[in-house]
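Peer 1: I would like the atomic coordinates for the input below:
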Amino acid sequence: MASPTHRRSPLRRRTALLSAAAVVAAGLGAVPFVTSASASVDLARQTLPAGDGWAAHGSGTTGGAQATDARVFTVTDRAQLAKALDPASGTAPRIVRVKGLIDASGGSTCADYAAGTGYSLSAYLKAYDPAVWGRSKKPSGTQEDARKAAAARQAKTIVFKVPSNTTLVGVPGTGAGIRGGSVAVQNADNVIIRNLAFSATEDCFPQWDPTDGSKGEWNSAYDSVTLRGATHVWADHNTFTDAPLYDSALKTYFGRKYQVHDGALDITGGSDLVTVEQNVFHSHDKTMLIGGSDIDSVGKLRVTLHHNVWKGITQRAPLARLGRIHLYNNHYDTAKLNGYAHSYSINARADARIVAEYNAWTLSADRKVSQLLSGDGTGAVAGRGNTVNGTVTDVVAAYNASAGKKLRTTAGWTPTLTAGLRTSAASLPAELARTAGAGVLTEQGTVE
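Peer 2: Here you go, the predicted structure:
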């Protein structure tokens, strides 16, 4: 190994110079961020290392690495981002480099979207007040039609569809991110999303559904990143948050929170072969859904989550249905943050088969080990090597000891795509605080 030209930490040297296979062979704990080819490869042209989770299965995930110079775009505003991602330009490899923080609204407001549609919140509340409308049917009629029209305008502005063979990457050192937007990978294959801060993804026009639960709910659209029918996707070193508008500041109508936030990163609609690593999820409620319903897609929804940080997360980290999900070397912090109080971390339902190993929980004094997991009695969590406040703990047994609907303890499959897996979770909280999330990568994919 050549000597570095300037002093770097051992962690940075390892991530810069070792391939995924080499890290595993050497028994090193840090997860690699770079391709096995060379650390000198431009961040935007790096591909998922071999063996790095389900997205490495089969043909692997290369995104836009082979893009010609004419298919490399650097964007700084909403219009440029939309043009660079235009599906009409085909599916030849492309790289979209986001420089700085992009406001997905382009300056438009909720009032702008509603203008001319006839929608107003006051009129909507009057029309569908349970005392008038009742609780047995969903809203319909003039104001609901107007709400849909306004919502369609917002969607046209803030939703960005990512075509196949695309790398969407933040330019290091620029505070790269997308504020108020929703990145949709729908029926697309071979996509990389890296080094981006996603914030303030908000629905201007939540729908009231009096039939949702016993008290009704306000339901919003727009995940910060949504995968539907997507295959071979690598989401790496991103940050997801509701900031600056937290749920604690939201108003209440009809006795329920006027919820403007949906998911952070949802994986549904038969999506498959996804690796989510080195991301930070914080200050959010329903964070990650794997499988949109109990009949989403049997035989798909194969997802790997590793070396991610979850803090100030109320639930769904993840909630999984049907798929084969591998969770390793993640850090969960259950302390209340920005008003978001922990409910559970991992939920296995609808025959989800989860292998959860060598993850670390930092358990706050108000929570119990038995509250870390959840399920409907049909899902499985096979756990080993997980720690709670630094002590190896059988989190599945703790949950089952107090749960009416118990988790199965065998998943029926064995993960093999485990690049960077370390068999001790002891130092994960400190390490991931330095290495996960947006803004820590250089142009060569190393950690500053």
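Peer 1: so what touches stretch 75-85?
Peer 2: With CB atoms under 8 Å, 6 or more residues apart in numbering as the test, stretch 75-85 has contacts from 73, 94, 96-100, 102-106, 157, 160-163, 166, 168, 178, 181. C-beta coordinates here come from the backbone N, C-alpha and C atoms, glycine included.
Peer 1: would you list the buried entries among those?
Peer 2: Among the contacts of stretch 75-85, those buried by neighbour count (16 or more other CB atoms under 10 Å) are 73, 94, 96-99, 102, 104-106, 157, 160, 162-163, 166, 168, 178, 181.
Peer 1: which of those residues fall in strands?
Peer 2: Here DSSP state E is the test, and those give 73, 94, 96-98, 102, 160, 166, 168, 178 as lying in strands.
Peer 1: pLDDT and distance to Val276 for those residues - can I get that in a markdown table?
Peer 2: Shown next, in a markdown table, are those (pLDDT from 0 to 100; distance: CB to CB, whole Å):
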| residue | pLDDT | distance to Val276 |
| --- | --- | --- |
| Phe73 | 98 | 25 |
| Arg94 | 98 | 22 |
| Val96 | 98 | 19 |
| Arg97 | 98 | 21 |
| Val98 | 98 | 19 |
| Ile102 | 98 | 22 |
| Phe160 | 98 | 19 |
| Thr166 | 98 | 17 |
| Leu168 | 98 | 15 |
| Ile178 | 98 | 17 |
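Peer 1: ok, so of those, who is nearest Thr61?
Peer 2: Comparing these against Thr61 with CB to CB places Thr166 closest, at 11.0 Å.
Peer 1: test my guess that the closest one contacts Thr62.
Peer 2: No: the pair Thr166 / Thr62 is not scored as a contact, 10.5 Å apart, by CB atoms under 8 Å.
Peer 1: give me the common contacts of these two.
Peer 2: 93, 190, 192.
Peer 1: give the contact list for the second one.
Peer 2: I take that to be Asn190. 59, 61-63, 164-166, 231-232.
Peer 1: got it, and the first one?
Peer 2: Shown in contact with Pro93 (CB under 8 Å, 6+ apart): 62-68, 71, 165-166.
Peer 1: same thing but at 10 Å, please
Peer 2: By CB atoms under 10 Å, 6 or more residues apart in numbering, Pro93 lies in contact with 45, 62-68, 71-72, 163-167, 190.
Peer 1: need the helix or strand of this protein with the lowest average pLDDT.
Peer 2: helix 20-26 (a mean of 32; mean pLDDT, DSSP states H and E).
Peer 1: mind listing the helices for the stretch 301-448 of the chain?
Peer 2: Using DSSP state H, counting those that start in this stretch, the helices of the stretch 301-448 of the chain run over 395-402, 428-435.
Peer 1: show me what the first one is packed against.
Peer 2: Okay, so that is helix 395-402. strand 346-349, strand 353-357, strand 373-375, strand 380-384, strand 387-388 (3 or more CB pairs under 10 Å, 6 or more residues apart in numbering; DSSP states H and E).
Peer 1: outside of that helix, which residues touch it?
Peer 2: So helix 395-402 is contacted by 344-346, 348, 354, 356, 359, 361, 368-375, 380-384, 386-388, 394, 406-409 (CB under 10 Å, 6+ apart).
Peer 1: pull out the buried residues from these.
Peer 2: 344-346, 348, 354, 356, 359, 361, 369, 371-375, 380-383, 386-388, 394, 407-408.
Peer 1: identify the bridge partners of Val159.
Peer 2: Beta-bridge partners for Val159, by DSSP bridges, are Ser182.
Peer 1: what sits against it?
Peer 2: 82, 104, 181-184, 186, 221-222, 226.
Peer 1: what sits against the nearest residue to Asp272 once chain neighbours are set aside?
Peer 2: With CB to CB, 6 or more residues apart in numbering as the criterion, Asp272 has its nearest non-adjacent residue at 4.0 Å, and that residue is Lys300. Lys300 is in contact with 229, 231, 267, 269-274, 291, 322-324, counting by CB under 10 Å, 6+ apart.
Peer 1: from those, pick the one nearest Asp247.
Peer 2: For the contacts of Lys300, the nearest to Asp247 is Ile267 (22.3 Å; CB to CB).
Peer 1: Three-state assignment for that closest one, please.
Peer 2: strand (DSSP: H, G, I helix; E, B strand; the rest coil).
Peer 1: touching, it and Thr226? I think so.
Peer 2: Yes: the criterion here is CB atoms under 10 Å, and Ile267 meets it with Thr226 at 8.2 Å.
Peer 1: find residues that contact each of those two.
Peer 2: Shared contacts of Ile267 and Thr226 (CB under 10 Å, 6+ apart): 185, 289, 292.
Peer 1: closest one of these to Asn329?
Peer 2: Nearest to Asn329 among the shared contacts of Ile267 and Thr226, with distances taken as CB to CB, is Leu289, at 21.7 Å.
Peer 1: tell me the phi and psi of the closest one?
Peer 2: phi -110, psi 130 (degrees, to the nearest 10).
Peer 1: specify the beta-bridge partners of it.
Peer 2: Applying DSSP bridges, one finds that Leu289 bridges with Leu319.
Peer 1: quick one: it from Thr174, how far?
Peer 2: 31 Å (CB to CB, to the nearest Å).
Peer 1: repeat that for Pro130.
Peer 2: For Pro130, the distance to Thr174 - CB to CB - is 48 Å.
Peer 1: thinking again about what came up before, quick one: which of the helices and strands packed on helix 395-402 is nearest Pro206?
Peer 2: Nearest of the helices and strands packed on helix 395-402 to Pro206, taken as CB to CB: strand 346-349 at 23.2 Å.
Peer 1: what's that closest one packed up against?
Peer 2: Using 3+ CB pairs under 10 Å, 6+ apart, strand 346-349 sits against strand 289-290, strand 309-315, strand 319-321, strand 324-328, strand 353-357, strand 373-375, strand 380-384, helix 395-402.
Peer 1: quick one: contacts for the spatially most distant residue from the centre of the chain?
Peer 2: The C-alpha centroid of the chain is most remote from Val132, which lies 38.9 Å away (CA atoms, centre = their mean). Neighbour list for Val132: Lys126 [criterion: CB under 10 Å, 6+ apart].
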